[in-house]
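Participant: My questions concern the predicted model and sequence given below.
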Amino acid sequence: MSSFDALGLRAEILLSLKEIGFTTPTPVQEQAIPLLLKTEKDVVALAQTGTGKTAAFGLPMLQFLDPGERSVQALVLAPTRELCVQITKDIERFASNMKGTRVVSVYGGASIRDQIRDIQRGAQIVVATPGRLLDMLGRKAVDLGAVDVVVLDEADEMLNMGFQEDLTEILQSTPPEKRTWLFSATMSSEVRRIAKRYMREFEEVSIGPANAAATMIQHQYCVVHSKDRYAALKRFVDADSELFGIVFCRTKHETQDLAAALVKDGYNADAIHGDLSQAQRDQVMGRYRARSLRLLIATDVAARGIDVKDVTHVIHFDLPGETESYTHRSGRTGRAGRAGISLSIIGVRDVNKVRMLERGLKTHFMFVRVPGGAEIGQQQVKAYMHRLKSVEVDHEGLAELLSEARTELQSFEKEELIDRFMSLAFNRIIEAHRTSYDLNVDMSRKDHSARTERPSSSERFSTGRQMFINLGTADGFDKGKMLGYICGISGVSGEVIGRMLIKDVYSFIDIEPAHFDQVLSAFNNANYKGRSVRVDAAEGAGKGGPRNDAPRSGGGYKGGGGGYKGGGGGYKGGGGGYKSDRPHQSSYRGSEDRGASSGSGGFQKKEGFYTPKPFPRKERRS
């Protein structure tokens, strides 16, 4: 087994590596470092994210450095500020025993004056994003005339982000005889073009097949209806108590919405995207590294440079369209030889994307099922039992409490005590998942329209009960808004709501029998903007009404219960939750007596049921 001692590095660098615990070089370091130390040619190095690329170029860069010279001798270009910060910290650790060596990171979102001041004080290495460095060059605040080594890190991503013209201008400001080292996880046609355009004769070193997926990552996918992706995400998180992951979305707006929905549903999550200030980014990343956050919701660009240990899962809430983007995403897990999982939660239409990724990455994607309620309950019980076995009892601090507890519980047999403990601890979990339907799409069906193990709508509502409510279209309600309002007040998910008949000043709603009393009781003493909201059991007045066209699955996408952009929990749908215009309180506009203010003679209660009592048309008020 090789060691850093055999690579020909200076003594100060080897001492720093020993102090930070680096003993054995990774494959990319073992191949790239000797090459970069001896060759005068430019070098293209291909290696997966998380394999130690920063040390692979950072250590040879320090080898050539003259700490006594205050001019900029090495330049590292990276696509994002997070990556700049990470590279800077790593190089500073490698150079901790090289007195006089200064590394300055230059990126947007921070004070350019402070960065200019840091460089002017003397910096041998500058780590920069192209945009901010170009700004400094325009101000003549940095001189690159003495640069000996230029590193293009994540070159493929810099091209994807539109930095090609910036790279051209920056590299023209450096000496033509400099050495250029290009590091990338993929060798796309764009990367090859940049190598030919900006580099002299170069050597290429590749660790693993080009564009291949990292071997320590297990690639998985599940297939659900698009509206159920949020519910599926929550189930995977609930089923694995050790899950510590990054969830990728396509846009900044989606990351913020998804994070807000998860927080609303009780998960430790936050978003990182391009609209955050540097202070906000640092705060989010600090919480994530400290594991006070369990889920980091990110865009592709914002996640570059995130180097957090022990990320167990990368979850693709939106599957990327390009192999390179998938490679960079999945590279956030399985780092430094550790195993990781890259999970894609996809709709039926994205199955072909998975097949394309398999061909492009030359790897196999394993199909997995979204966990069901029973499995989630079992996994949570196992995790709790594991924590129970490993907990350290503070006998001294709990002396009085333990004595009292033993006195109170001594009359119970061991088996009975266990039964009571389990019931108290897990009744809530069992009840929460008792009605959890299977979210998986049955791919064996040609229409892919049915989930297994789920009763049909006619079966679920055939014995359902109907609720009367004195709100309707005159109050601005349609089916979607009514669904969100009921879910927001009662806390039920959209899947328990059936047919709706929305009239001008009243409505009838089918509700599953098991949840009927819960919904009715939630409206006790309810009011909407000062007017009482009346609900009651109704006779079949609405049975012939149109079918509620709102989604019927718990935690749906653009629909019913579940949480994301919805009220009772749906994604972009009803429930009075995040980004919904349905308030959580059951107040509503109008006077105390609805019949006096809107085209109705009020309501009459006959044999325990409410029915509308219209008055003559000439008396109706607009």
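Facilitator: Yep, that arrived. As the structure is a prediction and not an experimental result, all values here were calculated from the model. Numbers count the residues shown, from 1 in each chain.

Participant: any idea whether the nearest residue to Gly58 once chain neighbours are set aside is helix, strand or coil?
Facilitator: Excluding the flanking residues, the one nearest Gly58 by C-beta to C-beta, 6 or more residues apart in numbering is Ile91, at 4.7 Å. All C-beta atoms are positioned from the backbone trio N, CA, C, and that covers glycine. The local conformation at Ile91, judged by DSSP: H, G, I helix; E, B strand; the rest coil, is helix.

Participant: Give the full set of residues in contact with Ser16.
Facilitator: Arg93, Phe94, Ala95, Ser96, Asn97, Met98 (C-beta atoms under 8 Å, 6 or more residues apart in numbering).

Participant: So for Gly68, what's the nearest residue that isn't a sequence neighbour?
Facilitator: Leaving aside its sequence neighbours, Gly68 sits nearest to Gly100 (C-beta to C-beta, 6+ apart; 6.3 Å).

Participant: Please apply the same query to Ala55.
Facilitator: Spatial nearest neighbour of Ala55, excluding adjacent residues (C-beta to C-beta, 6+ apart): Gln29 at 5.5 Å.

Participant: Now do the SS call for that neighbour.
Facilitator: The three-state assignment at Gln29 reads helix, by three-state DSSP.

Participant: Run a quick neighbour tally on it.
Facilitator: Residues near Gln29, counting by other C-beta atoms under 10 Å, number 26.

Participant: again, but for the one 10 residues further on
Facilitator: Thr39: 12 surrounding residues under other C-beta under 10 Å.

Participant: residue contacts, Gln124?
Facilitator: Counting by C-beta under 8 Å, 6+ apart, Gln124 makes contact with Leu65, Asp66, Pro67, Glu69, Arg70, Ser71, Val72, Gln73, Ala74, Thr101, Arg102, Val103.

Participant: Just the residues you listed: which are in strands?
Facilitator: Counting by DSSP state E, those place Ala74, Val103 in strands.

Participant: Top of the contacts of Gln124 by number of neighbours, please.
Facilitator: With neighbours defined as other C-beta under 10 Å, the most crowded of the contacts of Gln124 is Ala74; it has 27 neighbours.

Participant: Tell me the bridge partners for it.
Facilitator: Beta bridges link Ala74 to Ile125, Val149, judged by DSSP bridges.

Participant: any idea how far it is from Ile272?
Facilitator: For Ala74, the distance to Ile272 equals 28 Å [C-beta to C-beta, to the nearest Å].

Participant: Could you list the low-pLDDT ranges of the stretch 151-300 of the chain?
Facilitator: Residues of the stretch 151-300 of the chain meeting the criterion pLDDT under 70: 160, 186-188, 207-215.

Participant: nope, the stretch 301-450 of the chain is what I meant
Facilitator: Applying pLDDT under 70 to the stretch 301-450 of the chain flags the ranges 302-305, 307, 335-337, 428-436, 443-450.

Participant: and the residue nearest to Gly58, what is it in contact with?
Facilitator: Thr54, Gly58, Met61, Leu62, Val103, Ile125, Val127.

Participant: Go again with 10 Å.
Facilitator: Each residue near Ile91 by C-beta atoms under 10 Å, 6 or more residues apart in numbering is listed here: 54-55, 57-59, 61-62, 74, 76, 101, 103, 105, 125, 127.

Participant: got a list of what Thr129 touches?
Facilitator: By C-beta under 10 Å, 6+ apart, Thr129 lies in contact with 77-81, 83-84, 105-109, 135, 158, 161, 163, 166.

Participant: Among the residues you listed, which ones are in strands?
Facilitator: Leu77, Ser105, Val106.

Participant: now those residues as JSON lines including distance to Leu402, pLDDT and neighbour count?
Facilitator: As requested, those are exported to JSON lines (distance: C-beta to C-beta, whole Å; pLDDT from 0 to 100; neighbours: other C-beta atoms under 10 Å):
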{"residue": "Leu77", "distance to Leu402": "61", "pLDDT": "94", "neighbour count": "25"}
{"residue": "Ser105", "distance to Leu402": "53", "pLDDT": "94", "neighbour count": "26"}
{"residue": "Val106", "distance to Leu402": "58", "pLDDT": "94", "neighbour count": "27"}
